[in-house]
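J.: Please work out how this folds:
(one chain, ligands or ions: 2)
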Amino acid sequence: MNRTLTILGIESSCDDTAAAVVRGHDVLASVVYGQTSLHADFGGVVPEIAARAHAEKLDHCIEEALAEAELTFSDLDGIAVTAGPGLIGGVLSGVMCAKGLCAATGLPLIGVNHLAGHALTPRLTHQVAYPYLMLLVSGGHCQFLIVKAHDTFQRIGGTIDDAPGEAFDKTARLLGLPQPGGPSIEKAAKTGDPKRFALPRPLLNQPGCDMSFSGLKTAILRARDSVVAEKGGLTAQDQSDLSASFQAAITDVLTEKTRRALAEYLELTPAKRSFAIAGGVAANQSVRDELLALCATLDTNFMAPPLHLCTDNAAMIAYAGIERMMAGEYDDLTLSARPRWPLDGRAAPMLGSGKKGAKA
Ligand code: KG4
Ligand code: ZN
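T.: Ligands and ions are numbered 1, 2, ... in the order given. Purely as a prediction, here's the structure:
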């Protein structure tokens, strides 16, 4: 199929309700309704509240995306929807909505893996050629993938417990900083001393590309408690120093593990040198700067999609739908929602977050 396809994408796997229209490599509209305020009182995403909010907001979101793109259903070639992994109620809301629209309009239905959406984003934004190395790093994901084709992903490592974004969020909570934790830790770290607290760099002395972040959070808890025991509380400078020390530890681990993942990738494909990052933690300047510097030393192209396409959105789902459709792949109304759906079925299951987290 050679003509430029125009696809509506729908995303509802966690706490963002999103719809987008993508034509080829052009994002004509991308609408995201966040749910942060709905879950704020509960310290995390409440699946039932999320599912209800998706069901209420999806049609408005789709209407808005089509209006922004100045298109109607008759201008579309298909509807792509996240069919997993994610919170089952949310994924079902999206899948049922897409099925209804396809039944009513006769448009083809394309089920998309949410992680494939993230992993294919550098093709949407940078038109990068296969194979490339990808680090997906957010509140729910953390894995290295060699992306070989739109449906062929090799996972060469990932977290065995918390995802880094989760560690940023939990650490912010421990330090009394606002949620989401990533941006508030980054802000506090700007005026902090990254060397004041000697935090561990978990799994750095072990071979391979697997990572662990839960011990870091425990180390922060101990460091905080010792300051509190000594002074009776945390000063703003203590918060900044703890934030800077934490951010330095996360950056060191991600950088060293990326060095190893790149070595593995470059061994397979010495002529193709492209590395991309996606996910909310990709917004962190310290992480970006270190990874960019690392890629420069290895003569590797570093790609970071714009932030609104790094975090959860429906443009990535629409684009992944375009790649599937170009390969002649469709679904029908028997498409199921899959709460667990690893991208690389051959890789060993993740020990920690792959089982516990919302997004395997
Ligand atoms: O990709 P995302 O929007 O949602 C999923 O987790 O799927 O990522 C959100 C995560 C949160 O944990 C947030 O704290 C983290 O990304 N984050 C950051 C920054 N901005 C967002 N972490 C570190 N530094 C940042 N500037
Ligand atoms: Zn995501």
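J.: Pretty sure V81 sits in a helix.
T.: No. Under DSSP: H, G, I helix; E, B strand; the rest coil, V81 sits outside any helix and is assigned strand.
J.: thinking it is in contact with M96, fair?
T.: No. V81 lies out of contact with M96 (CB atoms under 8 Å); the separation is 9.3 Å. For glycine as for every other residue, the C-beta is placed from the backbone atoms N, C-alpha and C.
J.: Compare neighbour counts for these two and give me the winner.
T.: V81 (33 against 15; other CB atoms under 10 Å).
J.: in the sheet, who's paired with the more buried one?
T.: I10, G111 (DSSP bridges).
J.: Near ligand 1, which residues of the stretch 51-200 of the chain? Just list them.
T.: For the stretch 51-200 of the chain, the contact set with ligand 1 under CB under 6 Å from any ligand atom comprises 138-140, 165-166, 168-169, 180-183, 186.
J.: for those residues, which one is nearest A40?
T.: Nearest to A40 among those: P180, at 10.7 Å, using CB to CB.
J.: Skip the chain neighbours and tell me the closest residue to G86.
T.: S13 (2.7 Å; CB to CB, 6 or more residues apart in numbering).
J.: got any residues that touch both of V81 and M96?
T.: Contact with both V81 and M96 is made by no residue, according to CB atoms under 8 Å, 6 or more residues apart in numbering.
J.: Setting the sequence-adjacent residues aside, check what's closest to A315.
T.: A20 (4.0 Å).
J.: To which secondary structure element is the one you found assigned?
T.: strand 16-23 (DSSP states H and E).
J.: Can you tell me the strand partners of that strand and which way each runs?
T.: Paired neighbours of strand 16-23 in the sheet (DSSP bridges): strand 6-11 (antiparallel), strand 26-34 (antiparallel).
J.: Select, out of these, the one closest to ligand 1.
T.: With CB to the nearest ligand atom as the criterion, ligand 1 lies closest to strand 26-34 of the strands paired with strand 16-23, at 9.0 Å.
J.: what's the next helix or strand after the closest one packed up against?
T.: Counting by DSSP H and E, the next helix or strand C-terminal to strand 26-34 is helix 36-39. Contacts defined by 3 or more CB pairs under 8 Å, 6 or more residues apart in numbering; DSSP states H and E place helix 36-39 against helix 47-69.
J.: could you check the angle strand 6-11 makes with the helix it packs on?
T.: 160 degrees (axes from the mean of the first three to the mean of the last three CA atoms, to 10 degrees).
J.: contacting residues around helix 47-69?
T.: By CB under 8 Å, 6+ apart, helix 47-69 touches 8, 10, 12, 14-15, 17-21, 28-31, 33, 35, 38-39, 42, 72-73, 87-90, 92-94, 97, 101, 314.
J.: Pull out the buried residues from those.
T.: Buried residues within the contacts of helix 47-69, counting neighbours by 16 or more other CB atoms under 10 Å: 8, 10, 12, 14-15, 17-21, 28-31, 33, 35, 39, 87-90, 92-94, 97, 101, 314.
J.: Single out the residue in the stretch 1-150 of the chain that lies closest to ligand 1.
T.: For the stretch 1-150 of the chain, CB to the nearest ligand atom, closest residue to ligand 1: G139, 2.8 Å.
J.: same question, the stretch 201-350 of the chain
T.: Here the stretch 201-350 of the chain gets closest to ligand 1 at one residue, G280, 2.2 Å apart by CB to the nearest ligand atom.
J.: so what's that residue scoring on pLDDT?
T.: G280 carries a pLDDT score of 88 in this model.
J.: and it, how many neighbours does it have?
T.: Neighbours around G280, by other CB under 10 Å: 23.
J.: Just give the nearest non-adjacent residue to it, would you?
T.: S138 (4.5 Å).
J.: residues contacting the one you found?
T.: Contacts of S138 (CB under 8 Å, 6+ apart): 118, 163-165, 278-282, 311.
J.: how about low-confidence regions in the stretch 251-360 of the chain?
T.: Scanning the stretch 251-360 of the chain for pLDDT under 70 picks out the ranges 270, 348-360.
J.: near ligand 1, which residues of it?
T.: Going by CB under 6 Å from any ligand atom, the residues of the stretch 251-360 of the chain near ligand 1 are 279-281, 283-284, 311-312.
J.: Give me the subset of those residues that lies in helices.
T.: Among these, the subset assigned to helices under DSSP state H is empty.
J.: Helices of the stretch 251-360 of the chain, residue ranges please.
T.: Listed from the start of the chain, the stretch 251-360 of the chain has helices (DSSP state H, counting those that start in this stretch) covering 285-297, 307-310, 315-326, 353-356.
J.: Start and end of stretch 175-191, how far apart?
T.: 15 Å (CA to CA, to the nearest Å).
J.: now swap in stretch 330-340 and tell me
T.: First-to-last residue span, stretch 330-340, CA to CA: 20 Å.
J.: which residues touch that stretch?
T.: For stretch 330-340, contacts defined as CB under 8 Å, 6+ apart pick out 78, 81, 83-88, 91-92, 94-95, 99, 102-103, 108-111, 324, 360.
J.: quick one: buried residues of that stretch?
T.: By 16+ other CB under 10 Å, the buried positions in stretch 330-340 come out as 331, 335, 337-339.
J.: Return the member of those nearest to F302.
T.: Nearest member of the buried residues of stretch 330-340 to F302, counting by CB to CB, is R338, at 32.1 Å.
J.: Tell me the spacing between that closest one and D252.
T.: As judged by CB to CB, to the nearest Å, R338 and D252 stand 35 Å apart.
J.: Surely E329 and I110 touch.
T.: Yes. With contacts counted by CB under 8 Å, E329 reaches I110, the gap being 7.2 Å.
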